[in-house]
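In: need a structure here:
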Amino acid sequence: MSDIGKQKLSKDELTALLKMRDTSAPEEGKKSDDSTRRISKYDFTQPSRFNKSELESLRKINESLAQSAGGRIARLIEAGLKARLINMDQMKWKDMVGDTEDFGPGFVFRMEPQGHNCAFVIGRRLALICVDRLTGGQGASKDEMENDEEENVVLTPLEQKLLAKVANCFISRLPGVWKGVGEFKTSLGAYVDDFSDYDLMSPDEDVFQVSFLIQGTIGTGQISLVTPFQAVQTLPVKLQQPDRKVALSDEDVVKSLRESINKTAVTLSVVLGRTELKVHQLLEMETGDVMLFDRRVDQKMDVLFNNNPKLKGFIGVSSGKYAVRIEGVNNNQET
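Out: Alright, predicted model coming up:
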């Protein structure tokens with residue numbers, strides 16, 4: 001036995017422990033105050049929970065999802081807001097629905113071709129604010145509602161379609177952000193006013209919930225994505241694969257460089273000429289005045305790539321549009 005195991009409690013320490021036990025136990029005939037403590041259920045026999053490294057991978061990709069989706073919602077409803085990841089958890093469907101105070105409305109969405117039914121859930125108050133903004137309101141009136149008034153609000157079919165645009169800001173981003181799952185597409189399904197009364201999944205099915213906090217000038221609310229656990233259980237492992245260093249052959253490197261160059265866009269412009277004017281000349285200019293440039297029409301013009309002179313050519317016309325006939329390389333500039 002270790003030295004710690006051999007240590008004994010003193011008489012005073014034993015008395016203090018017994019006293020604490022007596023004062024913490026409820027009196028006979030009285031119920032304990034549940035409001036002062038909360039017991040969270042955790043299934044220690046569950047073998048499929050993510051380990052620490054897997055959770056870190058999930059955290060990174062879902063923080064990316066929060067940033068991109070939050071920016072889309074901000075532009076959609078024309079309001080300053082940010083979205084941040086606040087929770088990731090695996091649980092039973094029945095436990096998630098039962099433990100969530102305001103499960104709120106949302107939409108069913110599908111992951112194809114896997115065939116998974118998933119849920120997009122938004123806090124009721126945030127949903128009402130977004131709908132109000134999309135219908136020309138300021139959002140503040142919805143935010144000032146009492147809780148009982150919010151629960152009685154039923155979205156019209158038109159408002160449901162507007163809220164679907166908010167849902168798509170997250171759902172449309174999933175295939176790109178969760179590409180570690182594999183190739184899949186998402187499609188938005190039916191509107192659900194309250195998922196706590198909706199049998200989307202069996203009560204004992206393991207689900208994975210990702211929750212985001214939306215904060216901004218319009219108020220605060222929560223959005224959650226809920227998928228079957230089997231839909232994402234391989235996600236962290238596959239995401240770690242691109243981090244492995246792989247030796248590429250010279251042919252692969254050249255091919256990769258060519259593909260990158262082919263996708264790179266540059267801005268091309270042609271300088272017809274330059275001139276200098278005094279300020280009073282510029283202020284006295286009127287419609288019809290003529291400015292003389294420092295080049296003749298038969299001289300070569302500079303062709304610029306991203307504002308860097310690279311080529312020279314003559315101005316002409318082709319198919320009714322201005323065109324440039326390349327005549328040489330500008331050797332005074334680095335290529």
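In: rest of the way, CA atoms for contacts and neighbours
Out: Will do.
In: quick one: contacts for residue 306?
Out: 266-269 (Cα atoms under 8 Å, 6 or more residues apart in numbering).
In: okay, and which of those map to strands?
Out: 268-269 (DSSP state E).
In: pLDDT, distance to residue 307 and neighbour count for the contacts of residue 306 - can I get that in JSON lines?
Out: Shown next, in JSON lines, are the contacts of residue 306 (pLDDT from 0 to 100; distance: Cα to Cα, whole Å; neighbours: other Cα atoms under 10 Å):
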{"residue": "266", "pLDDT": "76", "distance to residue 307": "10", "neighbour count": "10"}
{"residue": "267", "pLDDT": "81", "distance to residue 307": "8", "neighbour count": "9"}
{"residue": "268", "pLDDT": "82", "distance to residue 307": "8", "neighbour count": "13"}
{"residue": "269", "pLDDT": "84", "distance to residue 307": "7", "neighbour count": "14"}
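In: where's residue 261, which helix or strand?
Out: Mapping residue 261 onto the secondary structure by DSSP states H and E places it in helix 250-263.
In: how about the CA coordinates for that helix, as PDB?
Out: Extracted C-alpha coordinates of helix 250-263, given in PDB (Å, rounded to 0.1, in the frame of the first residue of the first chain):
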ATOM      1  CA  ASP A 250       8.600  15.200 -59.800                       C
ATOM      2  CA  GLU A 251       5.800  14.400 -62.300                       C
ATOM      3  CA  ASP A 252       3.200  14.800 -59.600                       C
ATOM      4  CA  VAL A 253       4.700  18.100 -58.500                       C
ATOM      5  CA  VAL A 254       4.700  19.500 -62.000                       C
ATOM      6  CA  LYS A 255       1.100  18.300 -62.500                       C
ATOM      7  CA  SER A 256       0.100  20.000 -59.300                       C
ATOM      8  CA  LEU A 257       1.800  23.300 -60.300                       C
ATOM      9  CA  ARG A 258       0.200  23.300 -63.700                       C
ATOM     10  CA  GLU A 259      -3.300  22.800 -62.200                       C
ATOM     11  CA  SER A 260      -2.600  25.600 -59.700                       C
ATOM     12  CA  ILE A 261      -1.500  27.900 -62.500                       C
ATOM     13  CA  ASN A 262      -4.500  27.100 -64.700                       C
ATOM     14  CA  LYS A 263      -6.800  28.100 -61.900                       C
END
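In: and it, how far out from the chain middle?
Out: 30 Å (Cα atoms, centre = their mean, to the nearest Å).
In: nearest residue to residue 317 other than its sequence neighbours?
Out: Leaving aside its sequence neighbours, residue 317 sits nearest to residue 323 (Cα to Cα, 6 or more residues apart in numbering; 5.2 Å).
In: picking that back up, can you lay out the contacts of residue 306 as CSV showing distance to residue 319?
Out: Shown next, in CSV, are the contacts of residue 306 (distance: Cα to Cα, whole Å):
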residue, distance to residue 319
266, 24
267, 22
268, 19
269, 19
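In: which pair in the contacts of residue 306 spans the largest distance?
Out: Distance extremes for the contacts of residue 306: the farthest pair is 266 and 269 at 9.9 Å, using Cα to Cα.
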